[in-house]
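Participant: need coordinates for the below:
(chains A, B and C)
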Amino acid sequence: MNGSPPRPERFSKAHRLRHDREFQHVYEIRHRRESGPLLVYAASNTLTHPRLGLSVSRKVGGAVTRNRVKRRLRESFRKLKVRLDRPFDYVIVVRPHKPITQEAYQTHLETAMQKLADSWTPRKSGRP
RNA sequence: UGUGGAAAGGCGAUCGCUUUCCGGCCCCGGCCGGAGAGAGGAAAGUCCGAGCACGACAGGACACGGUGGUGGGCAACACCCACCGGCUCAGGUUGCGAGUCAGGGAAAGUGCCACAGAGAACAGACCGCCUACCCCGCUUCGGCGGGCGGCAAGGGUGAAACGGUGCGGUAAGAGCGCACCGCUCGUUCCGGAGACGGACGAGGCACGGCAAACCCCACCGCGUGCAAUUGCAAGCAGCUCCUUCGUCGGCUUGCCGGCGUGGCCGCGGUCCGCGGUUGGAGCGGGUCGCAAGCUUGGAGUCGUUUCGGGGCAACCCGGCCGGCUCCGGAGGUCGUCGGCAACGGCGACUCGAGAGAAAUGAUCGCCACGGCGUUCGCGCCGCGACAGAACUCGGCUUACAUCCAUGCGCAACCA
RNA sequence: CGGGGUGUAGCUCAGCUUGGUAGAGCGCGUCGUUCGGGACGACGAGGUCGUAGGUUCAAAUCCUGUCACCCCGA
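Facilitator: Okay, the predicted model is just below:
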């Protein structure tokens, strides 16, 4: 990158799940843990970076509420992904809850991701 | 409480997202740097009206759906403005004012009007009122009782009972007659663009309500919707042509099928062996996917400071002057045609959200703003509601913290 | 983004077409039957018809707004 400083907190389209089959793949692994209102699925991928998918149903709230939840979760993921050592695909399912702050989302997400890493067995990843 | 307007306060720092332009790098797809732009008055509900796209379509009729006082505005509308008429504004009438109305037709036809009530659509006599006329009986010859009958005023029922009040009239009564009010009709007159209003004349009054029941009349309307539609196009399958060899079989006689060989892949250090597989080019259709549609509108807004034309107004047309915001090096529009907001044509010129599992964010500091406490130094809390562009406009409806503006009936007469 | 449908008793539904009485089954309560329970029989309670207006003498029903839920189309 001809000497320009690295920017590890970037978060572009390549870091998101964008197709239904990518979501379905993560769901089929059935490796999930929860924390607070969040339910997080994880599956290893063959890329060099992790990716994120969000699922926020209409039961969470109106369009404004859902947008706010998704923005805060993306922001949390953007700050946490620097510390991830292995590339995983994550899908976060949000359940209806009272509004909470940005810091609370980040704490919940970090807890769930730590649980997922602790219980991950490589044997599972070989299954299609 | 109703109506109208404004409605994520400002500055800075760090880390990020989408996009436009310029420059640079390389593996031509991204990355890096710089500059700019990045949610609303309702973006919402999807209730109307348009553009736009595709499909259908000679014309007419039927069917279906919508609209419904009059005149105007508008591209169009179920929207907006003014007017007319009805109703409401706490006893009644009148006037002004305010609010409100899906406000054509019930003497074209069909249907419905429960319960109650005697009677509910050209109806009816329960209680009641009356015995003038006629008949019978009694009689103290004054009348009394009964019959045949008359009446629809009063009571009562109902949402609604076939005009209201008063006087006359009568056996009792009744538009039976008269006055006033109401109603209907008129080839009459006056005012108005018209809805309609007023005057005059005629009629004793016939014509209950419901059309947000069917329906009739007038006018309007093709259907589906950007998931419309269009372009490019991996893979797979099909067709055409070319492409190793040998051998066997079939026949449609140049194709098909089997076996071997050759090529390629896997196991393997190599040979042998085993397993699998079959090359290239083109064609039309077209899946995943990508792109177009996709933002461009002639910047926006205010003062009405000014003016002219049309109009009561909403609004339309044409210029002039001044200011503010935003942005740029400057320019930030100009001419013309149809006129139309969108859309479309021509010639210059400039760019103002365009995403696509869907960007417009997070944290911190300071200043403003609101509330509470206060020893008036300040401290604490909040920074607020409703709510997020998805092809684009014009309306309607609904939601709403805070701020600004404005209204919340009056008079006369009678009781 | 577009299109369509449903809200009635605790539950599942009818009634809406053509406006006047709100009903059925299951469940619930009381009594009878039985030694007791179940089943059976008799009687009974229970509904702002999602919500706000309008039309009408009268609205679950007709019309309009609004809320919630469900279904369909890539």
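Participant: make it CA atoms for all contacts and neighbour counts henceforth
Facilitator: Noted.
Participant: where does the prediction get shaky in chain A?
Facilitator: Within chain A, the ranges that satisfy pLDDT under 70 run A:1-8, A:121-128.
Participant: and chain A, which residues reach RNA strand B?
Facilitator: A:1-2, A:4, A:7-13, A:16-21, A:23, A:53-55, A:62-64, A:67-68, A:71-72, A:75, A:78, A:101-103 (Cα under 7 Å from any atom of the strand).
Participant: was I right about A:Phe23 contacting A:Val91?
Facilitator: Yes. The pair A:Phe23 / A:Val91 is scored as a contact, 7.2 Å apart, by Cα atoms under 8 Å.
Participant: okay, and the common contacts of the two?
Facilitator: By Cα atoms under 8 Å, 6 or more residues apart in numbering, A:Phe23 and A:Val91 have these common neighbours: A:Gly53.
Participant: more neighbours: the two, which one.
Facilitator: Between A:Phe23 and A:Val91, counted using other Cα atoms under 10 Å, A:Val91 has the larger neighbour count: 25 against 19.
Participant: still on that earlier bit, which of the residues of chain A next to RNA strand B are buried?
Facilitator: A:Phe11, A:Arg16, A:Leu17, A:Phe23, A:Gly53, A:Leu54, A:Arg72, A:Glu75, A:Arg78 (16 or more other Cα atoms under 10 Å).
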